[in-house]
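K.L.:
Sequence plus the predicted model coming up.
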Amino acid sequence: MCQSLEELFGRIVGHGAQATVHAFMVLLAFCWGTQAFANEPEKLLGRTTGHYQADLNALEGAVNPGPGTDILAMTLSAYHSGTQRDNTGSTPPSPDVYVFGNSWSWIHMLQNGLFKGSTGFKLTGTWGQVSIHGSMLPEDQQVTRIGDPGLEFMQGWILGRVAVAARLGVDAGIGNYSKESMVNYAKGFWSFHGLLGASCWFNEERTFSATLLGTYETNSSMQQWSVRPGDAFTLEAGLASWLNKRLALGVSGSAVWQVTTDSGEDVGWDKNTKYQLYAAGPYARIMLPFIQPWGLFTITWWREFGGRNSLEGNRIVGQLCIPF
């Protein structure tokens, strides 16, 4: 793949679904007591996590788009889980959780980058729908809402066959959250993340690459509750191979570990426990010749496993990127 294309391909699929699923996956280790369904419950009974979401980042994700590039990225995601795991890895009864989300991102790269590299930013807004169903529930729960917006500063360098990335991002907890709705009361806080990573090409044509990214996220206290979610570290890895100028195939995976414990007077679960979750799956990326000067569609599927104090499920993400 020629260098001009790979500079366009890389980070355009960065955090497109970042807030889409995570902002609406909600709480994911429910304590199924009667308080969870009461108006104004005394404590937050569902464990909540930060906004950062491993998605398409590991697919040449350390490569910034080219200088002066503006890109519109449209992302659709679907998630389903019928399994939750507790602190021991056992699977207590769980309802079915469905999440459908969509995000719109604008990526702008400066014509002249800073620090002898490439520099830009990414602004993301989300919409999503969460549904919780199951015979164990008094009634089905559902909400449709606009999610918290996100802004990410992007810095990168190309050093021979290696691309290095550094990102700083914030997700603004300004959504309309409510204690009355079980699927809508566990956000309403700000998250801040820093990312470092690299992508390495194994051949001169730059058609075969590996990527490794690490992200640390910290959170503010929530608006509606005296709860501050603990910090988390996310590791993402992927292999990508362009079979020709139109099609790339690969695999990617992620692991997330809670690093610090949750705090606050309204925490309704064991503060000494932490969550973890792993995911892996294949992906395909297609160049769209009917979109000028180019268009890029990526679809990927992840199967989650190895969870603790979290749900496990399946997630599908599709993303269309168009320059303008």
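P.N.:
Cool, got the structure.

K.L.:
CA atoms for contacts and neighbours, from now on please.
P.N.:
Fine.

K.L.:
So which residues of the stretch 1-150 of the chain form strands?
P.N.:
Taking DSSP state E, counting those that start in this stretch, the strands of the stretch 1-150 of the chain run over residues 70-85, 96-109, 118-133, 141-146, 150-159.

K.L.:
Quick one: distance of the second one to the chain centre.
P.N.:
This means strand 96-109. 9 Å (CA atoms, centre = their mean, to the nearest Å).

K.L.:
in its sheet, what does that strand sit against?
P.N.:
strand 70-85 (antiparallel), strand 118-133 (antiparallel) (DSSP bridges).

K.L.:
right, and the strands of the stretch 1-150 of the chain - which one's nearest Gly268?
P.N.:
Judged by CA to CA, the one of the strands of the stretch 1-150 of the chain that comes nearest to Gly268 is strand 70-85, at 16.9 Å.

K.L.:
closest to Phe233 out of the strands paired with strand 96-109?
P.N.:
strand 70-85 (19.4 Å).

K.L.:
and the closest one, how far from the chain's centre?
P.N.:
With CA atoms, centre = their mean, you get 8 Å for strand 70-85.

K.L.:
Would you mind writing the CA trace of it as PDB?
P.N.:
Provided in PDB are the C-alpha atoms of strand 70-85 (Å, rounded to 0.1, in the frame of the first residue of the first chain):
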ATOM      1  CA  ASP A  70     -10.800  16.400   6.900                       C
ATOM      2  CA  ILE A  71     -12.700  13.100   7.400                       C
ATOM      3  CA  LEU A  72     -16.300  12.300   8.400                       C
ATOM      4  CA  ALA A  73     -16.600   8.900  10.100                       C
ATOM      5  CA  MET A  74     -20.000   7.300  10.600                       C
ATOM      6  CA  THR A  75     -20.100   4.300  13.000                       C
ATOM      7  CA  LEU A  76     -22.900   1.900  13.700                       C
ATOM      8  CA  SER A  77     -22.600  -0.700  16.500                       C
ATOM      9  CA  ALA A  78     -24.700  -3.500  18.000                       C
ATOM     10  CA  TYR A  79     -24.100  -5.400  21.200                       C
ATOM     11  CA  HIS A  80     -25.800  -8.300  22.900                       C
ATOM     12  CA  SER A  81     -25.100 -10.000  26.200                       C
ATOM     13  CA  GLY A  82     -27.000 -12.600  28.200                       C
ATOM     14  CA  THR A  83     -24.100 -13.400  30.500                       C
ATOM     15  CA  GLN A  84     -22.600 -11.600  33.400                       C
ATOM     16  CA  ARG A  85     -19.700 -12.800  35.500                       C
END
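
K.L.:
weakest of the strands paired with strand 96-109 by average pLDDT?
P.N.:
Lowest mean pLDDT of the strands paired with strand 96-109: strand 118-133, a mean of 86.

K.L.:
for it, the distance to its chain's centre please.
P.N.:
That offset, for strand 118-133, works out to 8 Å (CA atoms, centre = their mean).

K.L.:
how far off strand 150-159 does it point, in degrees?
P.N.:
130 degrees (axes from the mean of the first three to the mean of the last three CA atoms, to 10 degrees).

K.L.:
circling back: need the strands of the stretch 1-150 of the chain in a markdown table (columns: mean neighbour count and distance to Asn309).
P.N.:
As requested, those are exported to a markdown table (neighbours: other CA atoms under 10 Å; distance: least, CA to CA, whole Å):
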| stretch | mean neighbour count | distance to Asn309 |
| --- | --- | --- |
| strand 70-85 | 21 | 5 |
| strand 96-109 | 22 | 15 |
| strand 118-133 | 22 | 18 |
| strand 141-146 | 17 | 21 |
| strand 150-159 | 20 | 26 |
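
K.L.:
how about the ones you listed in a markdown table, adding distance to Asn314?
P.N.:
Output for the strands of the stretch 1-150 of the chain, formatted as a markdown table (distance: least, CA to CA, whole Å):
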| stretch | distance to Asn314 |
| --- | --- |
| strand 70-85 | 6 |
| strand 96-109 | 10 |
| strand 118-133 | 15 |
| strand 141-146 | 19 |
| strand 150-159 | 24 |
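
K.L.:
so which of the ones you listed gets nearest Leu212?
P.N.:
The nearest among the strands of the stretch 1-150 of the chain, by CA to CA, is strand 150-159 at 14.2 Å.

K.L.:
What's the first helix or strand after the closest one?
P.N.:
strand 162-171 (DSSP states H and E).

K.L.:
packing partners for the strand or helix carrying Ile316?
P.N.:
According to DSSP H and E, Ile316 maps onto strand 310-323. Strand 310-323 makes packing contacts with strand 70-85, strand 276-287, strand 296-308 when contacts are defined by 3 or more CA pairs under 8 Å, 6 or more residues apart in numbering; DSSP states H and E.

K.L.:
Can you say which of those strands is nearest to Thr215?
P.N.:
Here strand 276-287 is closest among the helices and strands packed on strand 310-323 (CA to CA), at 14.4 Å.

K.L.:
relative orientation of the closest one and strand 310-323 in degrees?
P.N.:
Using the same axes, to 10 degrees: strand 276-287 against strand 310-323 is 20 degrees.
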